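Asker: one predicted model, sequence on top.
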Amino acid sequence: MNQFAERFEGITGSAIREIFKLLADPEIISFAGGNPSPECFPKEALADIAKQALLENGDWILQYGPTKGYAPLIDEIIGMMAAEGVTVNVPNVIILSGSSQGLEMMAKTFINKGDVIMVESPTFLGAIQTFKTYEAELVPVKTDDGGILLEDLEKQIKTHKPKFLYVIPNFQNPSGVTLAGDRRQKLVQICAEHGVLVLEDDPYGALRYSGQALPSLKSYDTNDTVIRLMSFSKIISPGIRVGAAVGGAEAIAKFELCKQGMDVHTPILSQVLVYEFLKSGQLPAHIEKIKANYKAKKDLMLKLINETFPKGVTVAPCEGGLFLWLTLPAGIDALDVFKTAVERKVAFVPGTHFFAEGGHENTMRLNFSMVSEDKIRKGMAALAGVIKEAL
Ligand SMILES: Cc1ncc(COP(=O)(O)O)c(C=O)c1O
């Protein structure tokens, strides 16, 4: 018998892993994943950059490098923050192996057993799992179509005295919802007043298909309350594993300590790929290409829901990202819908898995980025049938 650490008690991750096993069946039309579409990877550009970089600079690219990251990429991140109206310097930035690593670092840096972390209800499954592994107590904050409800936030802060609030402000995973513009500054103010840190996780912000871009939470930060996680996974490639954290110098120094023991540094080749791709000026046009691809799929999925799904099924407002979030009429269990759907070769993720507090069995998450328009038509027709039967 393995004598695993107590912190793993109750952590299975199995619910969603079981779903992903099904995806090995090539006949399944899967709206379950959260991956970017491979047709949106800039393969040729990255291949050219990699070849040239390795031939010209292989001596240091293939060597150990600084834990904090490749200095020119750090400067690029500083420039990206400046474009958001945020002034930061080298001590405020660390390059990460994906923003997932930022969740792990935040947990390792701040959570003692039993500490309270506030999360949106619902929230990203990976975050729930990471924070629970560090034996945090997760307290959900109520949300509506404009994201976190500030009244509930304040109430929960006063009751639970949390260490930090974890929030995905744009096109949230799983709900697709965006934190309303008029809540952002107040959210930061409330947290700052109560000495609660804010972990702003924003991997989807660049993928906006309609509406106006909103200021980041970090842009309202005046006293190192907000740590902002950035990711290149959804706009360049998740496989190269590059993200960044931007925050107060003290916290970033702790993240650097954590990273030394985690992976020493993010692969330099990956960092060079991102840096050179940014420097070449190709990113804005590339993002437009991705947005056109995903917007068409999102619009199609939404149209099919409106036209073919039973009345009483509602969709959360979604102006970007990768997901649509459906609420079925009360009493319908999306887990039952899921079982029948899989028999008919369609998969999605039942929403209950995304709630730290459980419940909400009548919700479901649909991903639209990974599936062709043809398969969206077929899969949504099957799903409409299953939901009608469940009603
Ligand atoms: C909200 C959220 N945060 C973080 C991640 C992880 O992204 P990365 O590839 O940058 O680790 C994801 C991936 O799906 C996500 O949805």
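Answerer: Thanks, I have it.
Asker: let me know whether P66 touches I268 as I believe.
Answerer: No - with contacts counted by CB atoms under 8 Å, P66 stays clear of I268, the gap being 9.1 Å. In short, each C-beta sits where N, CA and C put it, glycine included.
Asker: my guess is T222 contacts Q189. True?
Answerer: No - assessed by CB under 8 Å, T222 is found out of contact with Q189, at 9.1 Å.
Asker: more crowded one of the two?
Answerer: Q189 (15 against 9; other CB atoms under 10 Å).
Asker: what's the host helix or strand of the more buried one in contact with?
Answerer: Here Q189, judged by DSSP states H and E, is contained in helix 181-193. The contact list for helix 181-193 (CB atoms under 8 Å, 6 or more residues apart in numbering) reads 146-148, 150, 153-154, 157, 165, 167, 169, 179, 196-198, 212, 214-215, 217, 220-223, 225-226.
Asker: all strands for the stretch 201-350 of the chain, in order.
Answerer: Using DSSP state E, counting those that start in this stretch, the strands found in the stretch 201-350 of the chain span residues 226-231, 243-246, 314-315, 323-327, 346-347, 349-350.
Asker: residue numbers of the stretch 151-300 of the chain in contact with the ligand?
Answerer: I168, N173, D201, P203, S231, S233, P238, G243 (CB under 6 Å from any ligand atom).
Asker: just the pLDDT for the last one.
Answerer: Right, G243. Note for G243: predicted pLDDT of 98.
Asker: tell me the contacts of it?
Answerer: Contacts of G243 by CB under 8 Å, 6+ apart are 95-102, 203, 229-233.
Asker: D144 bridge partners, please.
Answerer: D144 has these beta-bridge partners by DSSP bridges: G147.
Asker: and the residue of the stretch 251-391 of the chain nearest the ligand?
Answerer: The minimum distance from the stretch 251-391 of the chain to the ligand, using CB to the nearest ligand atom, falls at L322 (8.0 Å).
Asker: so that residue makes contact with A32?
Answerer: No - taking contacts as CB under 8 Å, L322 lies outside contact range of A32: 11.6 Å.
Asker: shared neighbours of those two, anything?
Answerer: With CB under 8 Å, 6+ apart as the test, L322 and A32 both reach N367.
Asker: whichever residue of the chain sits closest to the ligand - how many residues pack around it?
Answerer: Residue nearest to the ligand within the chain: G98 (2.7 Å; CB to the nearest ligand atom). Using other CB under 10 Å, G98 is surrounded by 23 other residues.
Asker: distance of M301 from S372?
Answerer: 12 Å (CB to CB, to the nearest Å).
Asker: compare those two (neighbour count), which wins?
Answerer: Between M301 and S372, counted using other CB under 10 Å, M301 has the larger neighbour count: 23 against 13.
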